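S.K.: A structural model of the following input is requested.
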Amino acid sequence: MDYIHIFSSGADERVHGVTLLHLGSLHANVDGIQALFDHHKGKATITEMVLSRDSHGRLPLHWAARGAHGMKHRYVLPRHEVPTHVVNTIKLLLSIDPNSVNSRDYRGDNALCRNQDGSNVLHLLGFTQNGEAIDPAIIERLVALGANVEDVDIRGNTPINQMALNLRQVAAIRALLSCGASMKIQNSNGDTPLHQAAKGRVFPLQDERLGISLDAKIRAQDEMMKVLEEASSRLDLMNIQNADGKTPRQLLEETRNGARDDKAECCLQSLAGFNILICS
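M.R.: As a prediction, the model looks like this:
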């Protein structure tokens, strides 16, 4: 079976040798996976199914760790059920062969390894979830399995630097902090997690396509900043300058002013449109 290669950050590639177990793992379909195990017949043992590789050497476990995030691949689950299903899928696959967590694909990556940009699975979770909050249990489980909270990608971001940009991920930030993530590491632009949060975004959920209110954005940013400030209270990071000479405090003010200006502009455009309708 051919399938779009979902692991590349560049142009789409083709991958073949994809089994039903790969696809079930991608979509965290625990019941479907269990049915495959219960009704397999003769050609392959359950262990052989779990250890089957696609053309890039990836096991179903790699696909489960990547997850069905983004525009082309989505979970067919209510969003609040996704974290539990992902964890249960990984647990089910590992129950068949615990050592598969260390299995590497043909590029040398295991399910918790870093990609060509230096990002590990914790980096990827920061944005593959879009607006949906990540269950802290997923973070804790991945760290327990070997994902490193201090891995640095090509932009100098650790997972917490990356996650702080996504302002709904407060619970995930708390989990990273509890797993030992450092607040002091600055990326290649000199940004700490506080800098990142100060210029962060609230990504819309599927049912928020008409937009997110300014008040909701401010509440989300306030909550994220509060958690990060509390974690760095002894470090005075709110006054640390990045490579552009900006502190988190300055960036926060700029972000808020920009959001208010955008709202005012939107209101003016709406009013202008209303006046045109009245006059026509």
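S.K.: just say helix, strand or coil for Arg168.
M.R.: Judged by DSSP: H, G, I helix; E, B strand; the rest coil, the three-state class of Arg168 is coil.
S.K.: for the closest residue to it other than its chain neighbours, helix, strand, or coil?
M.R.: Spatial nearest neighbour of Arg168, excluding adjacent residues (C-beta to C-beta, 6 or more residues apart in numbering): Ala133 at 5.3 Å. In short, each C-beta sits where N, CA and C put it, glycine included. Following three-state DSSP, we place Ala133 in the coil state.
S.K.: how much space between Ala133 and Ala68?
M.R.: 17 Å (C-beta to C-beta, to the nearest Å).
S.K.: the two: which has the busier surroundings?
M.R.: Ala68 (22 against 16; other C-beta atoms under 10 Å).
S.K.: surely the more buried one and Val86 touch.
M.R.: No - here Ala68 does not reach Val86: they are 9.4 Å apart, not a contact under C-beta atoms under 8 Å.
S.K.: need the overlap of contacts for these two.
M.R.: Common contacts of Ala68 and Val86 (C-beta atoms under 8 Å, 6 or more residues apart in numbering): Ala28.
S.K.: need the contact list for Gly17.
M.R.: Neighbour list for Gly17: 1, 52-55 [criterion: C-beta under 8 Å, 6+ apart].
S.K.: pull up the per-residue confidence for Arg174.
M.R.: Turning to Arg174, the model gives it a pLDDT of 98.
S.K.: backbone phi and psi for it, please?
M.R.: phi -60, psi -40 (degrees, to the nearest 10).
S.K.: do you know how far it is from Trp63?
M.R.: Taken as C-beta to C-beta, the span from Arg174 to Trp63 is 28 Å.
S.K.: quick check: Glu223 touching Val170?
M.R.: Yes - the criterion here is C-beta under 8 Å, and Glu223 meets it with Val170 at 5.3 Å.
S.K.: neighbour count for those two, which is higher?
M.R.: For Glu223 versus Val170, neighbours defined as other C-beta under 10 Å are more numerous around Val170 (21 against 15).
S.K.: which residue, other than its chain neighbours, is closest to Pro248?
M.R.: Once flanking residues are discounted, Pro248 sits nearest to Leu194: 3.9 Å by C-beta to C-beta, 6+ apart.
S.K.: list of residues touching the helix or strand encompassing the one you found?
M.R.: Using DSSP states H and E, Leu194 maps to helix 193-198. Helix 193-198 has contacts (C-beta under 8 Å, 6+ apart) with 160-165, 167, 173, 183, 187, 189, 221, 224-225, 228-229, 232, 237-238, 240, 242, 246-249, 251-252, 255.
S.K.: keeping just the C-alphas, turn that helix into PDB.
M.R.: Extracted C-alpha coordinates of helix 193-198, given in PDB (Å, rounded to 0.1, in the frame of the first residue of the first chain):
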ATOM      1  CA  PRO A 193      10.300  30.300  26.800                       C
ATOM      2  CA  LEU A 194       9.100  33.600  28.200                       C
ATOM      3  CA  HIS A 195      10.100  35.500  25.000                       C
ATOM      4  CA  GLN A 196       8.300  32.800  23.000                       C
ATOM      5  CA  ALA A 197       5.100  33.000  25.000                       C
ATOM      6  CA  ALA A 198       5.200  36.800  24.900                       C
END
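S.K.: what's downstream of that helix, the next helix or strand?
M.R.: helix 214-231.
S.K.: just how off-centre is that next one within its chain?
M.R.: For helix 214-231, the separation from the chain centroid amounts to 18 Å (computed by C-alpha atoms, centre = their mean, to the nearest Å).
S.K.: show me what counts as buried in that helix.
M.R.: Neighbour counts over helix 214-231 (16 or more other C-beta atoms under 10 Å) mark 217-218, 220-221, 224-225, 227-229, 231 as buried.
S.K.: what does stretch 44-62 give?
M.R.: Quick answer for stretch 44-62 (16+ other C-beta under 10 Å): 49-54, 56, 58-62.
S.K.: ok, stretch 150-161 next?
M.R.: Residues of stretch 150-161 classed as buried by neighbour count (16+ other C-beta under 10 Å): 151-153, 157-161.
S.K.: list the ones among those residues that fall in helices.
M.R.: 159-161 (DSSP state H).
S.K.: adding distance to Thr45, write those residues out as a markdown table.
M.R.: Below are those laid out as a markdown table (distance: C-beta to C-beta, whole Å):
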| residue | distance to Thr45 |
| --- | --- |
| Pro159 | 36 |
| Ile160 | 41 |
| Asn161 | 43 |
